[in-house]
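> Please work out how this folds:
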Amino acid sequence: MNILVIKQSALGDVLHATAAIRNIRAAYPGARITVLTSPGAAQLYQHNPQIDRIILFDKDRLRREWKSHFLGLLKYIWQVMREVNQQSYDLAFDLQGLARSVIFLYAADARDKWVKGNWWMLGRFRQKELHAIDEMNRLLEKAGVPAPSRDMLLNVGDEDRRTVESLLQRINPEGKKLLILAPFTRWPTKEWGLDNFLRLINRLPDDVLPVFTGAPVNRAAVDSLTANRAVNLAGELSLLQFAELMRRADAAVTSDSFPMHLASAMNTPLVALFGPTDEARVGPLSENATVLRADVGCTKCYQRDYCEKACIRAISVDQVLRCVEDKLQLAQPSASEDNAAQISLSPRDS
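Numbering: from 1, shown residues only. All right, here's what the predicted structure looks like:
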């Protein structure tokens, strides 16, 4: 049996899809599973034993070459379609549901085709109110595939493990408790603010090592915060090295971003800070995760660039610090007033 799964982006969504792939493999243990994804996300599937074949489609070429190299872009899309159709499929799923993904589902030589969305002439399911993992699982169930698991899967190779082991020996020779701080997202409205992270690290006990992560473009911004005690790893890690570092961390503080989903997948104790997005739809499912959002009448507006209430910045440092100390199993400080609401999410919720 041959099965095609399409999931191109974003990184957190690609990681979510590993739960669906786990369910497909459990239902069809002898099947050959092919995954179509983007080059930037392929590392997340690299060591996944449930996947037999990975096909790459560079979705960013659509934006870069739509006007300047249109004929070349069409040729590239056709080449990927031919690669997809080197074999026929019994089942095919588009877990993305966007135009740039569903074209490959339409083109696939597949007997039974399903999409997360409302595209014509395809089996389909769409219910935005569900958690993203549950929505994909419900699509599988509509196609007759049992989907009981919500557990993501991310494996790291030996070389990346050794690299991170060497890194930790260098940055943390005293074996302090490791706290991952991931302050950056693609949405300004999701960010708690570097000023708040600075206040947080200044109040951490000496036996905690704060480690900032991010992209190369974030490195200069973090440098101003790490002069004294924090470590700046922005731009230094591959995705799988970051995954291994997250697995070894004692706790993490993130916004709604890929590091949050990674911490959830690795079951790392997590404090997830939410503003314009809905934790019921995209929040962490790990039992070790605590979600914080400010009690300021947030409407979960899903605005990327500007939120009038700046809800996430209303979460107090006191509240985050108490949650971090709880995750690190430190002594609780004396309580102080703040205006943040605390929500604990487990796999049974949402």
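> Pairing partners for the helix or strand harbouring Thr290, with directions?
Assigned by DSSP states H and E, Thr290 belongs to strand 289-294. Looking at strand 289-294 with DSSP bridges, its partner strands are strand 270-274 (parallel), strand 340-344 (antiparallel).
> any idea how far the first one is from the chain center?
Strand 270-274 has its C-alpha centroid displaced from the chain centroid by 13 Å (C-alpha atoms, centre = their mean, to the nearest Å).
> With just CA atoms, put that strand into CSV.
Taking Å, rounded to 0.1, in the frame of the first residue of the first chain, the C-alpha atoms of strand 270-274 are listed here in CSV:
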residue,chain,number,x,y,z
LEU,A,270,7.2,24.6,29.3
VAL,A,271,5.8,28.1,30.0
ALA,A,272,4.0,29.2,26.9
LEU,A,273,3.0,32.9,26.6
PHE,A,274,-0.1,33.7,24.5
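> Show me this protein divided up by domain.
2-142, 158-344 (automatic domain parsing).
> What's the end-to-end length of the first one?
Chord length of domain 2-142, first to last residue, is 18 Å (C-alpha to C-alpha, to the nearest Å).
> mind listing the strands for the chain?
2-6, 32-37, 53-56, 89-94, 110-116, 123-125, 177-182, 208-212, 231-232, 251-255, 270-274, 289-294, 340-344 (DSSP state E).
> Could you export these as CSV, including distance to Ser316 and mean neighbour count?
Bear in mind the C-beta positions are built from the backbone N, C-alpha and C, glycine included. Shown next, in CSV, are the strands of the chain (distance: least, C-beta to C-beta, whole Å; neighbours: other C-beta atoms under 10 Å):
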stretch, distance to Ser316, mean neighbour count
strand 2-6, 42, 24
strand 32-37, 39, 22
strand 53-56, 44, 15
strand 89-94, 42, 24
strand 110-116, 37, 20
strand 123-125, 40, 18
strand 177-182, 17, 23
strand 208-212, 18, 22
strand 231-232, 25, 20
strand 251-255, 13, 26
strand 270-274, 11, 27
strand 289-294, 8, 23
strand 340-344, 6, 15
